[in-house]
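*Asks:* what shape does this take:
(one chain, ligands or ions: 2)
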Amino acid sequence: MTKRVALITGITGQDGSYLASLLVSKGYEVHGLMRRSSSLNTDRIGHLYQEEQDATSQIRMHFGDMSDGASLFRVLKEVKPDEVYNLAAQSHVKVSFDKPEYTTDVNATGVLRLLEAIRLLDMGESIRFYQASTSELFGNVQETPQSETTPFRPRSPYAISKHFAFQTVVNYREAYGFHASNGILFNHEGPKRGENFVSRKITRAVAAICHGIQDKLYLGNINSRRDWGHARDYVEGMWLMLQKETPGDYVLATGEEHSVRDFVELAFEMVGRPIEWEGSALEEKGVDRKSGKVLIEIDPQYYRPAEVNSLVGNAAKARDELGWTHKTSFKELVQEMVEADMQRLASAGMSRA
Ligand code: NAP
Ligand code: GDD
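*Replies:* Ligands and ions are numbered 1, 2, ... in the order given. All right, here's what the predicted structure looks like:
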């Protein structure tokens, strides 16, 4: 039997790392697109990746960039994938307000470049394509919970770029018959989450405060609500979409909503430091109930020019058509992230003298 070949863009990111592990475990030949960086950025896939010459490497890497169409063309031609998972993106919503043009080039035009390269290489009939779409498309939500039929009201350059990408995928499906699917994924996290997303920022701070190397955690809108699942569960859903005979668009979500405030409370509770809130708005503070020390303060620099206040998804279509459901509860997710960050600092021998 010949191995199925997968190409993952964004393989060095959180989801790329979990997806690469999943596909390797399923016997795929896995290739990753990686952009050039002045320092090594393969930490998250270190368990799978060794240098080119090393026969034990479980994945192969190729330099390329979503902003460079020729590089995408070259990599597709070299790898000849059966499945392409397009996860590469400037994925931070707040940063997209600072870098709107770059975000649009990578997240929107980049997807067009990739799909057009597949078309021009006459690979449209042989490749199954996954696009990392997002619940941010729902933005100023028109109904709750959100499903595949909920109208999109994007509220950031990031969400607008992903809206273009979503419609482009639908267009290549309808115009050229591509097997191309959008996964409309709600927030998913884990110990490999980027350090400046709120979940990881909180769990890292909890660990650092416990180890005495950080005094306070500064946050923005703690009343914002999200549907948080585990990335490990969500990459399984991506794979399932490409195994289906017909392509489609699917919401992946837990159906449960929590506020940033809930996340903070649970994470501190897990290390035995329950939090009490005092004051309001910019003056609100999270206080360690036992010591009376202020551990959390609000810093408006983390507010967004336009906020998405609440997101919660209805993943019934994915359950019925793909047999997908999330496995990890909110509590288990927070626990795993707190434990991983505590462990990381403990094994690095980090503590304030
Ligand atoms: P992430 O950790 O930020 O990873 C993004 C990946 O894209 C990284 O590998 C990054 O490379 C790569 N990348 C960025 N710009 C690139 C460029 N110009 N050319 C090539 N590669 C580039 O994001 P994630 O959380 O894994 O999310 C994966 C995808 O799902 C993203 O498209 C995101 O927008 C989408 N999504 C995520 C969530 C979520 O909750 N995690 C929910 C819905 C949708 P470097 O390592 O070099 O930075
Ligand atoms: N990052 C961050 N930092 N967010 C904060 C902070 C803070 O200090 N304080 C409060 N928040 C609030 C944000 O305003 C937002 O409402 C919520 O916490 C979640 O923020 P993020 O963790 O940055 O994620 P996101 O929801 O904006 O975007 C993530 O999920 C999307 C799917 O809905 C990203 O992974 C996107 O790429 C993804 O598409």
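*Asks:* give me the number of residues near Thr246?
*Replies:* A count of nearby residues for Thr246, using other Cβ atoms under 10 Å, gives 8. The way it works is simple: take the backbone N, C-alpha and C, and place the C-beta from them, glycine included.
*Asks:* can you tell me, leaving aside adjacent residues, what's nearest to the residue in the chain that ligand 1 sits nearest to?
*Replies:* Per Cβ to the nearest ligand atom, Gly13 is where the chain lies closest to ligand 1, at 2.0 Å. Nearest non-adjacent residue to Gly13, counting by Cβ to Cβ, 6 or more residues apart in numbering: Leu87, 6.2 Å away.
*Asks:* quick one: Leu48 and Ser21 touch, right?
*Replies:* Yes - counting by Cβ atoms under 8 Å, Ser21 is a contact partner of Leu48 at 6.6 Å.
*Asks:* give me the common contacts of those two.
*Replies:* Counting by Cβ atoms under 8 Å, 6 or more residues apart in numbering, Leu48 and Ser21 have no contacts in common.
*Asks:* show me what contacts Leu76?
*Replies:* Contacts of Leu76 (Cβ under 8 Å, 6+ apart): Leu7, Val84, Leu114, Ala117, Ile118, Leu121, Met123.
*Asks:* check which helix or strand the fourth one maps to.
*Replies:* Counting by DSSP states H and E, the secondary-structure element that holds Ala117 is helix 110-120.
*Asks:* and that helix, which residues are buried?
*Replies:* Using 16 or more other Cβ atoms under 10 Å as the test for burial, helix 110-120 gives Gly110, Val111, Leu112, Arg113, Leu114, Leu115, Ala117, Ile118.
*Asks:* with stretch 43-54 instead?
*Replies:* Arg44, Ile45, Leu48, Tyr49.
*Asks:* what's the neighbour count on Met270?
*Replies:* 18.
*Asks:* contacts only, for it.
*Replies:* Per Cβ under 8 Å, 6+ apart, neighbours of Met270: Val206, Val334, Gln335, Val338.
*Asks:* low-confidence stretches in this protein?
*Replies:* Applying pLDDT under 70 to the chain flags residues 52-53, 351-353.
*Asks:* need the contact list for the nearest residue to Phe152 once chain neighbours are set aside.
*Replies:* Of all residues not flanking Phe152 in the chain, Leu137 sits nearest, at 4.3 Å (Cβ to Cβ, 6+ apart). Applying Cβ under 8 Å, 6+ apart to Leu137 gives the contacts Phe152, Pro154, Ala159, Lys162, His163, Phe166, Ile184.
*Asks:* who in the stretch 101-250 of the chain is up against ligand 1?
*Replies:* With Cβ under 6 Å from any ligand atom as the criterion, the stretch 101-250 of the chain meets ligand 1 at residues Val106, Ala132, Thr134, Leu185, Asn187, His188, Gly194.
*Asks:* how about the secondary structure of the first one?
*Replies:* If I follow you right, that is Val106. helix (DSSP: H, G, I helix; E, B strand; the rest coil).
*Asks:* re the thing from before, just the residues of the stretch 101-250 of the chain next to ligand 1 that are near ligand 2?
*Replies:* Answer for these near ligand 2 (Cβ under 6 Å from any ligand atom): Thr134, Asn187.
*Asks:* could you find the closest non-adjacent residue to Arg155?
*Replies:* Closest to Arg155 by Cβ to Cβ, 6+ apart is Gly139, at 3.9 Å.
*Asks:* and Met350, how many neighbours does it have?
*Replies:* Neighbour tally, Met350, other Cβ under 10 Å: 13.
*Asks:* what's the answer for Phe186, then?
*Replies:* Neighbour number of Phe186 under other Cβ under 10 Å is 27.
*Asks:* tell me the contacts of the nearest residue to Asn196 once chain neighbours are set aside?
*Replies:* Of all residues not flanking Asn196 in the chain, His92 sits nearest, at 6.6 Å (Cβ to Cβ, 6+ apart). His92 makes contact with Tyr158, Gly194, Asn196, Phe197, according to Cβ under 8 Å, 6+ apart.
*Asks:* show the contacting residues for the first one.
*Replies:* Applying Cβ under 8 Å, 6+ apart, we find Tyr158 in contact with Gln90, Ser91, His92, Val93, Val95, Ser96, Thr103, Asn107, Glu136.
*Asks:* any chance of JSON lines for the residues you listed, columns secondary structure?
*Replies:* JSON lines is the format used below for the contacts of Tyr158 (three-state DSSP):
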{"residue": "Gln90", "secondary structure": "coil"}
{"residue": "Ser91", "secondary structure": "coil"}
{"residue": "His92", "secondary structure": "coil"}
{"residue": "Val93", "secondary structure": "helix"}
{"residue": "Val95", "secondary structure": "helix"}
{"residue": "Ser96", "secondary structure": "helix"}
{"residue": "Thr103", "secondary structure": "helix"}
{"residue": "Asn107", "secondary structure": "helix"}
{"residue": "Glu136", "secondary structure": "helix"}
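*Asks:* quick revisit: how close does the residue nearest to Phe152 get to Gln343?
*Replies:* To Gln343, Leu137 is 35 Å away according to Cβ to Cβ, to the nearest Å.
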